[in-house]
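Engineer: Please find the sequence and the predicted model below.
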Amino acid sequence: MSQQQLSWFTEAHQASGSSIGFRVERLLHAEKTEFQTIEIYQTTDWGNLMVIDGCVMLTGRDNFLYHEMMTHPALFTHARAKRVVIIGGGDCGTLREVLKHEEVESATQVEIDERVTRLAEEYFPELCEANNDPRAELLFIDGIKYMAEAAPESIDLIIVDSTDPVGPAEGLFNAAFYASCYKALRHGGILVQQSESPMAHIELIKAMRSAMRTTGFKAVRTLPFPQPCYPTGWWSCTMARKDGDLSGFRERGAISKNFPTKYYNADIHKGALAQPEFMREALGE
């Protein structure tokens, strides 16, 4: 549930009994697409704000936390990810971070709603800086169908940068989808998916991890990170590896990376691998 009250946009999150609000100066854009309702607000302190179906998707001020943690831990864990597929990610921030890695030879973004990307290009141009990179491919089709039809052992890294598990994204959180991903990944391949808030959605995280393991993934790790604009202000991504483990990463590569980040570094990566006690107990780690 969300509402604009006077000069504030507020998203009430029923599951956690909390809400997050942003002081807004004006509504910049609103439209109903074939798939969802998209709104763009100008805030006083957080840059532009994108809202989909009443839920905050990103702000210009804090999106780097999410985009960096959805990409760099997995890319520095994989030995050498040449082909990357992003399911969702219409704002293009994840694509931008992926293409900072020189070893990536191709990155395909599969977003069902083209309007998300076109509005990001207009209102969040800094996130779309890599859209014209010759290694980038933008497809506006169903990601579930795309993965179901993907050639076996053809992808090194799959990043599921989706909205909450309702509406168009609901089918991205089940064993059938994970089976498609498992089949498409090469030896040593990694799947990483946004996995909501550990404070509010631990049961969803448990179900995701169980479905990933049932599908055949040998190692699963959930990495928490701060995200002020999302419910509870704390978010996570869950990585699953086709074979091998996820306890280590190319630390020397992360230390000597030749591109800028605002949040991610080798120490952050190591810290994210350490689980808070309640998560260890709930997830059996």
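Structural biologist: Received the coordinates, thanks. Numbering: from 1, shown residues only.
Engineer: pretty sure residue 225 is touching residue 67, no?
Structural biologist: No - shown here, residue 225 and residue 67 do not form a contact pair, counting by CB atoms under 8 Å, at 10.9 Å. Every C-beta, even on glycine, is put in place using the N, C-alpha and C of the backbone.
Engineer: the more surrounded of these two?
Structural biologist: Relative neighbour count places residue 67 above the other of residue 225 and residue 67, with 25 against 20, counting by other CB atoms under 10 Å.
Engineer: Any idea how many residues pack against the nearest residue to that one once chain neighbours are set aside?
Structural biologist: Spatially, and ignoring its direct neighbours in sequence, residue 67 is nearest to residue 93 (3.9 Å; CB to CB, 6 or more residues apart in numbering). As a burial measure, residue 93 scores 25 neighbours (other CB under 10 Å).
Engineer: cool, residue 72 as well?
Structural biologist: So residue 72, with other CB under 10 Å, has 25 neighbours.
Engineer: Which residue comes closest to it once chain neighbours are left out?
Structural biologist: Closest residue to residue 72 apart from its sequence neighbours, by CB to CB, 6+ apart: residue 264 at 4.4 Å.
Engineer: Where does that neighbour sit: helix, strand or coil?
Structural biologist: Following DSSP: H, G, I helix; E, B strand; the rest coil, we place residue 264 in the coil state.
Engineer: Okay, now the unreliable bits of the stretch 151-285 of the chain?
Structural biologist: 163-172 (pLDDT under 70).
Engineer: Wait, the residue nearest to residue 67 touches residue 69, no?
Structural biologist: No - Residue 93 lies out of contact with residue 69 (CB under 8 Å); the separation is 11.4 Å.
Engineer: can I assume residue 153 is in contact with residue 185?
Structural biologist: Yes - Residue 153 lies in contact with residue 185 (CB under 8 Å); the separation is 6.9 Å.
Engineer: Residue 208 belongs to a helix, doesn't it?
Structural biologist: Yes - assessed by three-state DSSP, residue 208 belongs to a helix.
Engineer: which residues touch it?
Structural biologist: Contact analysis of residue 208 by CB atoms under 8 Å, 6 or more residues apart in numbering lists 173, 193, 195, 238.
Engineer: Buried residues in stretch 242-261, which are they?
Structural biologist: 242, 244, 246, 249-250, 254, 257, 261 (16 or more other CB atoms under 10 Å).
Engineer: which of those lies closest to residue 212?
Structural biologist: residue 242 (10.3 Å; CB to CB).
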